[in-house]
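Peer 1: With the input below, show me the fold.
(2 chains)
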Protein chains: 2
Amino acid sequence: MAISERAMSAYDQLELKFSRQSALSGAMAMLHWDSAVIMPDGGSGARANQLATLGVLAHDLLTDPGIGDLLDEAEADRGGLNDWQQANLREMRNGWRHATAVDADLVEAHSHATSACEMRWRAAREENDFASLIPSLEEVVDLTRQIAVAKSEAFQVSPYDALLDQYEPGCVSATIDTLFNDLGAFLPDFLQHVLERQKSQPDLILPAGPFAIETQKQVGHDFMEALGFNFDHGRLDISHHPFTGGIPDDVRLTTRYVTEDFTQSLMGTLHETGHALYEQGLPAAWRSQPVGLARGMALHESQSLLVEMQLSRGEDFLSYALPKMKSAYQGSGAAWDLQNLQQLYLNVKPDMIRVDADEVTYPLHVILRYRLEKALLSGDLAIAELPGAWNEQMQTLLGVTPPTDSMGCLQDIHWPSGAIGYFPTYTMGALAAAQIFQAAFDNVENLQAQIRVGRFDGLVTWLRQNIHEVGSSKSTNEILQAATGYALHTDAFKAHLNARYLPS
Amino acid sequence: MAISERAMSAYDQLELKFSRQSALSGAMAMLHWDSAVIMPDGGSGARANQLATLGVLAHDLLTDPGIGDLLDEAEADRGGLNDWQQANLREMRNGWRHATAVDADLVEAHSHATSACEMRWRAAREENDFASLIPSLEEVVDLTRQIAVAKSEAFQVSPYDALLDQYEPGCVSATIDTLFNDLGAFLPDFLQHVLERQKSQPDLILPAGPFAIETQKQVGHDFMEALGFNFDHGRLDISHHPFTGGIPDDVRLTTRYVTEDFTQSLMGTLHETGHALYEQGLPAAWRSQPVGLARGMALHESQSLLVEMQLSRGEDFLSYALPKMKSAYQGSGAAWDLQNLQQLYLNVKPDMIRVDADEVTYPLHVILRYRLEKALLSGDLAIAELPGAWNEQMQTLLGVTPPTDSMGCLQDIHWPSGAIGYFPTYTMGALAAAQIFQAAFDNVENLQAQIRVGRFDGLVTWLRQNIHEVGSSKSTNEILQAATGYALHTDAFKAHLNARYLPS
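Peer 2: Residues are numbered from 1 along each chain as shown, chains lettered A, B, ... in the order given. Here you go, the predicted structure:
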């Protein structure tokens, strides 16, 4: 092996090393899925050891001293590489600089601190006891700040942008500020108009359950198949929190079922199907390389929201889907009228919990978290002051005040798990979804008619060509520019909200 | 990490390294289970890459040049270690000498050859075309022989014994020869007497199906639970071939269901439950170390056969189990009489297929394979001569001749997968099972009465204390000596067969 590696070009040696890294990441992804879906409780200790060991080995592979030299050598010789190889080399360099920018001791301390803080957070949320979380959250934020500073020095960007780059490579907060200031100015007024208009609408009628779980599974499965999910390369299972795991060749999608409300599992399944189609559509020739990965969290979320929000809650999709649902659940009566069902799906209500929020209020939850996490990271906001700042912003942005911290600043796991810089990608995804869905309508002939009869191959083929198969060969904005004609902006999202919630 | 490792004793450093190795093996075990039970077909390529990468990393960990020095140092300083640590050190040394005795290139060539040969074998068996298998089987046997010779030189034992040591550490073929010559002399005559006696028994009546799979699952689950399988540390699932996978803290047991015959899944489940109880009972304090592993394949098989053959097909167990089965399947009539059901379970029939064989003829299938694989390894038997030699031995030992090679020398995957030295452990397990079950009866008060009312804690506690919790801290014969008073012998097995099949 050593001899044959020595005869290879620097770039080829890097591909070999990164394919091992990819296999390790894939193994970890499958074990994570197993932990959430299959594993008996008693297996958790051994599983944690397995994942920690694989994590260390993956990190060791990436920080191997030889990699830096190979990267230098391959970059000096990049003239001989094609575009995809050059893009792959760039992605390798970015992964390597994230891995090597931070001292191994700091990575390990951060990992232990977040594990402890996540456990503490579960109890604190359960008991509505923010004070008990303060010391461990302070430690996590402090260590995350140290990582941010180390990366900031290595990358020559601000500490917050260094964290952001982990989730949305190349994105800077100046861009987000512009987008979110625009949304923050638009949404509160818009929300009031929508709420005003909703008052004049007929009362909502909930379809009466129970809805057998087997039937819900079948309905979800059928819609996934109609949308192009490939069951030869994936599965649908159940977990406490729906997620899309696994690897592109074996996408493990999960949902959960509530017998009294079939819409929750259905929308959860459709949301995850958007993520899954992206994974399954990533460039097949680059499966084991960094350039073959999804571009970032914003585009990933755009694909789930495109399916769940843009497509599935629209009248075109519902006019195809409703007869299928009525037939599966033997539904009848006013609750099953298309207008009622769509009104259910599009009901807007300012409330406390982000994950339950509608598409109008969701960005306000995100803007709040974005503002606060920047202040936490810079030290402008002390952990102890978080509940007060949270509640004040909730009142300003959404007009509500959480009655408890569990329904306020304790609701999300992100900060306890050290994920600062992740939240804004949700709303960037919502903006991108609107932009992309509009572009699909502009480019795919008869798309509306296709959707109304349950044909999604036109839409999915266009998404594959313009988003999925691009992988990480271009930046998010380059992909959006090529697919939609514009870098990420707010206009399409605002136009979508206006058309859907305030139709003239 | 480097500094703290340097401050540790050589032994403690080894424990740390072997715990990483254990975590990698555990991850591989879970991914193997997933491949057989859960994975969509399209995931197989990526999974093969994951397993190959983890395999290389596990091998790298074990063959790290530093390990040899640490072993030397720890052995020189073994006075400070307790008995378990010393045993652990011995097991580490054995694992290390297996890993380092063979050149990495040979290991890799063997791995590729067996993968190719297994694929070739599936087709050859399907098409009853032994000739098409000859070249690739020759290559596998040749490479296996090279491994055997390399280990033979390193361990100073015969090539066959070097292979045997992989599955049953410390065992030598001279011991097996004595046991198998004894059985080979006893069984053919005994078999004729049993067949003669069977003629005078009433005709067998098969309980009439179909037996709903959900019910079969529930029945299997209930018996597993009664036997002490801990579902907080394991699962029951379905796969094409039943097996016990996973790790001691998370034992993944599988079975398969045939709607027309509930006894197949039940006996499969009970067999695997014996394996699973051994795994779950391994010493908890040594989970991540070599000394905490099961002792070898012979003792492992003894635990499965103890449950399936010794316990579950006996009248005591059936008198407890039959009412439960009758109730679950709403069985009635002569087919469900205890005597008929036991006769079904104990029916003896010389036939072609090892995995379907009864406990009287099974050892003859093994003796045949043991003789032939020794001749294949030594070169006394050419691959091309295998079908003739197989059929001749079948006629001599079992009085039948396979009509096709698919029902003859093509039936098992062992040789195509390079597993020479594995087959004898099946029958060593059968001998040990008889010996251990007899010892349990001698030592557990009222065991018969307990079994008849479905109480197995007395038996399982005795097994845990005398077999399971010993792990690999002693040799197989030391364990048998302590538990039963004797090293492995044939008397208990022969006495068991006589009592069960030729009662006076």
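
Peer 1: so how far is stretch A:295-302 off the chain centroid?
Peer 2: Relative to its chain's centre, stretch A:295-302 lies at 6 Å (Cα atoms, centre = their mean, to the nearest Å).

Peer 1: Please report how far A:Leu106 lies from chain B.
Peer 2: 13 Å (Cβ to the nearest Cβ, to the nearest Å). C-beta here means a position set from N, CA and C on the backbone, and glycine is covered the same way.

Peer 1: Report how many residues lie close to that residue.
Peer 2: By the criterion of other Cβ atoms under 10 Å in any protein chain shown, A:Leu106 has 14 neighbours.

Peer 1: Now name the helix or strand holding it.
Peer 2: helix A:104-127 (DSSP states H and E).

Peer 1: And the average pLDDT for that helix is what?
Peer 2: Averaging pLDDT along helix A:104-127 yields 91.

Peer 1: Output the contacting helices and strands for it.
Peer 2: helix A:44-63, helix A:130-155 (3 or more Cβ pairs under 8 Å, 6 or more residues apart in numbering or on different chains; DSSP states H and E).

Peer 1: Tell me the buried residues in the longest one?
Peer 2: Read it as helix A:130-155. A:130, A:133-134, A:136-141, A:143-148, A:150-152, A:155 (16 or more other Cβ atoms under 10 Å in any protein chain shown).

Peer 1: Which strands and helices lie in contact with that helix?
Peer 2: Using 3+ Cβ pairs under 8 Å, 6+ apart, helix A:130-155 sits against helix A:83-100, helix A:104-127, helix A:159-167, helix A:362-378.

Peer 1: got it, and the shortest one?
Peer 2: On a contact count with 3+ Cβ pairs under 8 Å, 6+ apart, helix A:44-63 meets helix A:10-37, helix A:83-100, helix A:104-127, helix B:10-37.

Peer 1: ok, residues contacting that helix?
Peer 2: By Cβ atoms under 8 Å, 6 or more residues apart in numbering or on different chains, the residues outside helix A:44-63 that reach it are A:17, A:20-21, A:24-25, A:27-28, A:31-32, A:34-35, A:39, A:95-96, A:99-100, A:104, A:107, A:111, B:19-20, B:23-24, B:26-27, B:30, B:54, B:57, B:247, B:249-250, B:287-288.

Peer 1: The same query, at a cut-off of 6 Å, please.
Peer 2: Contacts to helix A:44-63, defined as Cβ atoms under 6 Å, 6 or more residues apart in numbering or on different chains, come from residues A:20-21, A:24, A:28, A:31, A:35, A:99-100, B:20, B:23, B:26-27, B:57, B:247, B:249.

Peer 1: residue in the stretch 1-150 of chain A nearest to chain B?
Peer 2: Nearest residue of the stretch 1-150 of chain A to chain B: A:Gly43, at 3.1 Å (Cβ to the nearest Cβ).

Peer 1: For burial, what's the neighbour tally of the residue lying closest to that residue once chain neighbours are set aside?
Peer 2: The spatially closest residue to A:Gly43, leaving aside those adjacent along the chain, is B:Asp250, at 3.1 Å (Cβ to Cβ, 6 or more residues apart in numbering or on different chains). Applying other Cβ under 10 Å, we find 29 residues neighbouring B:Asp250.

Peer 1: low-confidence ranges in chain A?
Peer 2: Applying pLDDT under 70 to chain A picks out residues A:1-6.

Peer 1: need the residues of it near chain B, please.
Peer 2: Residues of chain A lying near chain B by Cβ under 6 Å from any Cβ of the partner chain: A:20, A:23, A:26-27, A:40-43, A:46, A:49-50, A:53, A:57, A:232-233, A:247, A:249-250.

Peer 1: Would you mind checking these for buried ones?
Peer 2: Neighbour-count burial (16+ other Cβ under 10 Å) applied to the residues of chain A next to chain B gives A:20, A:23, A:26-27, A:40, A:42-43, A:46, A:49-50, A:53, A:57, A:233, A:247, A:249-250.

Peer 1: Stretch A:450-466: end-to-end distance?
Peer 2: 19 Å (Cα to Cα, to the nearest Å).

Peer 1: about what we covered before: give me the contact list for the helix holding A:Leu106.
Peer 2: Residues outside helix A:104-127 that contact it (Cβ under 6 Å, 6+ apart): A:132-133, A:136-137, A:139-140, A:143, A:146, A:406, A:410, A:416-418.

Peer 1: pretty sure A:Leu253 is in a helix, no?
Peer 2: No: checked against DSSP: H, G, I helix; E, B strand; the rest coil, A:Leu253 lies outside a helix; its state is strand.

Peer 1: quick one, what contacts it?
Peer 2: Neighbour list for A:Leu253: A:Leu236, A:Thr244, A:Glu272, A:Ala276 [criterion: Cβ under 6 Å, 6+ apart].

Peer 1: For it, give its distance to A:Thr259.
Peer 2: 21 Å (Cβ to Cβ, to the nearest Å).

Peer 1: same deal with A:Thr461?
Peer 2: As for A:Thr461, its distance to A:Thr259 is 36 Å (criterion: Cβ to Cβ).

Peer 1: And for A:Leu70?
Peer 2: 56 Å.

Peer 1: Mind checking which of those two has more residues around it?
Peer 2: Each of A:Leu70 and A:Thr259 has its neighbours counted (other Cβ under 10 Å); A:Leu70 has more, 20 against 12.

Peer 1: so the most centrally placed residue in chain A is in which element?
Peer 2: By Cα atoms, centre = their mean, the mean C-alpha position of chain A lies nearest to A:Glu301, the distance being 4.2 Å. Under the criterion DSSP H and E, the helix or strand holding A:Glu301 is helix A:297-305.

Peer 1: contacting residues around that helix?
Peer 2: Residues contacting helix A:297-305 (Cβ under 6 Å, 6+ apart): A:167-168, A:271, A:274-275, A:278, A:294, A:425-426, A:428-430, A:432-433, A:436, A:476.

Peer 1: Good, wrapping up.
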